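Participant: Predicted model and sequence below, questions to follow.
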Amino acid sequence: MVTLAKVAEAAGVGESTVSRVLRNHGSFSRKTKDRVMEAVERLGYVPNRIAGTLASAGSRLVAMVIPSLTNIVFADVLRGASGILEENQHQAVFSVTEYEPEKEEALVAAMLAWRPTAVMLAGFEHSNGTVKMLRASGCRVVELLDLDGAAQDLAVGFSNRAAGSVAADFLLKRGYRKIGYVGHDLDRDTRAAKRFAGFRETLGAAGFPLVDSEIHAGASSVEGGRLALERLLTRMPGLDAVYFSNDDMALGGYFHCLARGIQVPERLALFGHNGLDIGRVTPQPLSTIRTPRVATGRVAAELVVTDAPSQVVDLGFELIEGATA
């Protein structure tokens, strides 16, 4: 294996000089940089970024513990964060919990063993073990995509309860009264559960309680939304609107309507959550709430690299009227 020491020997400089050149940080001459880079190319040296981070006096490792990679929401958050972290010479690593609190606890323990400068997680709901480890770690903690709860340190996102309430208010103002709900596992996806709670509360306060709901057993998906809507309409064919836990599920519902000849929104209105690009380019753009996913990752990373004081950042959300409700 080609090591940093071998590159330094080939370039005729010290290891610390090679490290400065590769990190593009600190003082070195153009001539020295050319000699180091020539040696790197000739020897085929690949820097061990993580080892370099762990060896530094102050770790620049940022651990991102996310629920899913199949949901584009979290990919967008990663995209927003990674650019800022890279610009500021921080190294991002991530792991996936599949919405399981026990798995999140195990992954947080593994990440903290690397002594990161910060840990980013989705939401406020974590196991007691996870919370204790984070509090004892001394690193920054950033909770993402939710503001309905108490932040441990930094929080960036929006109120899911408010998003659900706004969706209900929109449907009521459009004249819909027989409203149902299609969702996925609310015990594991606590942010979806908060949206559902805000939605139901607003309907009930207006005197038009939710008629019925269908919860898909498993993670959210287009297929899950299609099957769940079919089951819901079999029980309640008189519904005039359905609120979905997210756009994936709503698109599945939309495809079911297309296949069965159910006119949208004349016969049945559909409303989603997240504002995914695919929902914007369907034959009838999806009515939904657009969430600031990329901005959430970007702002969270900025707070970390600037070592900002503990705070809560509300980025809000946007109602997209679309054409399905």
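Facilitator: Perfect, thanks for sending it.

Participant: Arg177 and Ala269 touch, don't they?
Facilitator: No - counting by Cβ atoms under 8 Å, Arg177 stays clear of Ala269, with 11.0 Å between them. Bear in mind the C-beta positions are built from the backbone N, C-alpha and C, glycine included.

Participant: and the two? which has more neighbours close in?
Facilitator: Of the pair Arg177 and Ala269, Ala269 is the one with more neighbours under other Cβ atoms under 10 Å, namely 21 against 14.

Participant: after the helix or strand of the chain with the lowest mean pLDDT comes which helix or strand?
Facilitator: Using mean pLDDT, DSSP states H and E, the weakest-scoring helix or strand in the chain turns out to be helix 49-55, at a mean of 53. Counting by DSSP states H and E, the element after helix 49-55 in chain order, helix or strand, is strand 61-66.

Participant: Please determine how far the residue most central in space within the chain is located from Met37.
Facilitator: By Cα atoms, centre = their mean, the chain has its centre lying nearest to Phe74, at 3.1 Å. Computed with Cβ to Cβ, to the nearest Å, the distance linking Phe74 and Met37 is 36 Å.

Participant: Which residue ranges of the stretch 151-300 of the chain form strands?
Facilitator: Along the stretch 151-300 of the chain, the segments classed as strands by DSSP state E, counting those that start in this stretch run 154-157, 179-183, 212-215, 241-244, 269-271, 288-290.

Participant: Please work out the average pLDDT along the last one.
Facilitator: It stands for strand 288-290. For strand 288-290, mean pLDDT is 98.

Participant: Go ahead and name everything in contact with it.
Facilitator: 163, 166-167, 247, 250, 271-276, 279, 317-320, 322 (Cβ atoms under 8 Å, 6 or more residues apart in numbering).

Participant: Swap in 10 Å and give it another go.
Facilitator: With Cβ atoms under 10 Å, 6 or more residues apart in numbering as the test, strand 288-290 has contacts from 158, 160, 162-164, 166-167, 170, 195, 244, 246-247, 250-251, 270-276, 279-280, 317-322, 324-325.

Participant: gap between it and the chain center?
Facilitator: 15 Å (Cα atoms, centre = their mean, to the nearest Å).

Participant: And for the fifth one?
Facilitator: Counting by Cα atoms, centre = their mean, strand 269-271 is centred 24 Å from the centre of its parent chain.

Participant: helices and strands around it, which ones?
Facilitator: Under the contact definition 3 or more Cβ pairs under 10 Å, 6 or more residues apart in numbering; DSSP states H and E, strand 269-271 sits against helix 160-173, strand 179-183, strand 241-244, helix 247-260, strand 288-290.

Participant: Go again with 6 Å.
Facilitator: Under the contact criterion of 3 or more Cβ pairs under 6 Å, 6 or more residues apart in numbering; DSSP states H and E, strand 269-271 touches strand 241-244, helix 247-260.

Participant: for those, which one sits closest to Ala150?
Facilitator: Closest to Ala150 of these is strand 241-244 (Cβ to Cβ; 27.2 Å).

Participant: then that closest one to CSV, C-alphas only?
Facilitator: In CSV, the C-alpha atoms belonging to strand 241-244 read as follows (Å, rounded to 0.1, in the frame of the first residue of the first chain):
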residue,chain,number,x,y,z
ALA,A,241,-61.0,13.6,-1.2
VAL,A,242,-58.1,11.6,0.2
TYR,A,243,-55.0,12.9,2.0
PHE,A,244,-51.8,10.8,1.7
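
Participant: okay, now Ala295: neighbour count?
Facilitator: For Ala295, the neighbour count with other Cβ under 10 Å is 17.

Participant: What residues does it make contact with?
Facilitator: Ala295 makes contact with Leu315, according to Cβ atoms under 6 Å, 6 or more residues apart in numbering.

Participant: what's the first-to-last distance across stretch 64-79?
Facilitator: With Cα to Cα, to the nearest Å as the measure, the first residue of stretch 64-79 is 12 Å from its last.

Participant: Contacts made by it with the rest, please.
Facilitator: Applying Cβ under 6 Å, 6+ apart, the contact partners of stretch 64-79 are 92, 94-97, 99, 107-108, 120-122, 274, 293-294, 296-297.

Participant: Quickly check those residues for the two that are furthest apart.
Facilitator: By the measure Cβ to Cβ, Val108 and Asn274 form the most distant pair in these, at 25.4 Å.

Participant: Throw the strands of the stretch 151-300 of the chain into CSV and include distance to Leu43, thanks.
Facilitator: Below are the strands of the stretch 151-300 of the chain laid out as CSV (distance: least, Cβ to Cβ, whole Å):
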stretch, distance to Leu43
strand 154-157, 41
strand 179-183, 55
strand 212-215, 57
strand 241-244, 55
strand 269-271, 58
strand 288-290, 49
